[in-house]
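S.K.: Any chance you could fold what I've pasted below:
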Amino acid sequence: MTSPGPGAPDITGLLLAWNAGDPEALNRLLPAVYRELNRLARRELLRERAGHTLEPAALIHELYLDLVDQRRAQWQNRAHFFGVAARLMRRILVDHARARNALKRGGGGAGTVQIETANDVADAAGGPSQVDLVGLDQALERLSARSPEQGRIVEMRFFGGLTVEETAHVLGRSPRTVKREWRLARAWLFRELRT
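M.R.: Got it, this is the predicted structure:
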């Protein structure tokens with residue numbers, strides 16, 4: 001996630017205004033974060049299998065509708081907003097993959113994404129691999145049941161594109177702890193997804 005430049009709208013201020021009940025804050029917020037949401041949407045859709053039918057604009061539109069329902073959220077800052085956006089984007093993509101799989105009676109790979117291995121996680125496969133998005137979601141649910149913090153870290157880093165520092169800020173943890181938990185979570189997920 002990129003940092004706001006000089007003259008950029010105050011995302012945290014808009015989030016706090018939205019918290020305080022300012023009905024126009026969301027309308028001012030979304031144009032301010034659209035570029036970043038579009039970048040996240042494009043990144044997520046690039047991981048999808050060829051011929052995916054969901055376009056970045058449609059994904060952002062669905063995300064907008066879901067964010068409107070989050071009006072009771074107590075937004076802390078910009079990183080917290082993108083953490084929630086990551087969770088919602090994950091839900092949208094998984095629901096889309098499930099719907100396609102249901103239409104194709106099992107899908108035949110209709111909901112696959114590219115997962116790239118990290119340099120800091122030993123991976124016997126040695127490079128990018130195709131992973132079923134619904135399977136990834138189920139594995140992430142199992143990870144979250146085992147370690148809610150690791151589940152949130154994966155969600156923020158993988159789906160939200162947050163940096164280690166931004167993730168640490170949202171979770172109120174040190175970057176060192178987030179890095180360690182991120183490595184452990186990725187190793188666990190890669191093991192789960194290979195079985």
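S.K.: so what's the most centrally placed residue in the chain up against?
M.R.: With distances taken as CA atoms, centre = their mean, residue 159 lies nearest the centre of the chain, 2.3 Å away. If a contact means CB atoms under 8 Å, 6 or more residues apart in numbering, then residue 159 has 40, 44, 86-87, 89-90 as its contacts. Where C-beta positions appear, they are placed from N, C-alpha and C, glycine not excepted.
S.K.: now the strands for this protein?
M.R.: Under the criterion DSSP state E, strands of the chain are mapped to 112-115, 129-132.
S.K.: mean pLDDT lowest for which of the ones you listed?
M.R.: With a mean of 49, strand 112-115 has the lowest mean pLDDT of those.
S.K.: low pLDDT regions in this protein?
M.R.: In the predicted model of the chain, residues 1-9, 46-53, 70-72, 102-131 satisfy pLDDT under 70.
S.K.: Next, please give the residue ranges for the helices of it.
M.R.: 11-19, 23-47, 56-68, 78-103, 133-146, 148-154, 164-171, 175-194 (DSSP state H).
S.K.: other SSEs contacting the third one?
M.R.: I take that to be helix 56-68. helix 23-47, helix 78-103 (3 or more CB pairs under 8 Å, 6 or more residues apart in numbering; DSSP states H and E).
S.K.: now for the first one, which elements pack on it?
M.R.: For helix 23-47, the packing partners by 3+ CB pairs under 8 Å, 6+ apart come out as helix 11-19, helix 56-68, helix 78-103, strand 112-115.
S.K.: Repeat the analysis, applying 6 Å as the threshold.
M.R.: helix 11-19, helix 56-68 (3 or more CB pairs under 6 Å, 6 or more residues apart in numbering; DSSP states H and E).
S.K.: Single out the most deeply packed of those helices.
M.R.: helix 11-19 (a mean of 18; mean count of other CB atoms under 10 Å).
S.K.: tell me which strands and helices it is in contact with?
M.R.: Looks like helix 11-19 contacts helix 23-47, helix 78-103 (3+ CB pairs under 6 Å, 6+ apart).
S.K.: what angle do that helix and helix 78-103 make?
M.R.: 70 degrees (axes from the mean of the first three to the mean of the last three CA atoms, to 10 degrees).
S.K.: can you list the residues that contact stretch 160-180?
M.R.: By CB atoms under 6 Å, 6 or more residues apart in numbering, the surrounding residues in contact with stretch 160-180 are 1, 40, 79-80, 82-83, 86, 153, 156-157.
S.K.: Now do the contacts for the closest residue to residue 38 other than its chain neighbours.
M.R.: Distances taken as CB to CB, 6 or more residues apart in numbering put residue 56 closest to residue 38, at 5.7 Å, once the chain neighbours are dropped. By CB under 6 Å, 6+ apart, the contact list for residue 56 reads 38, 41-42, 45.
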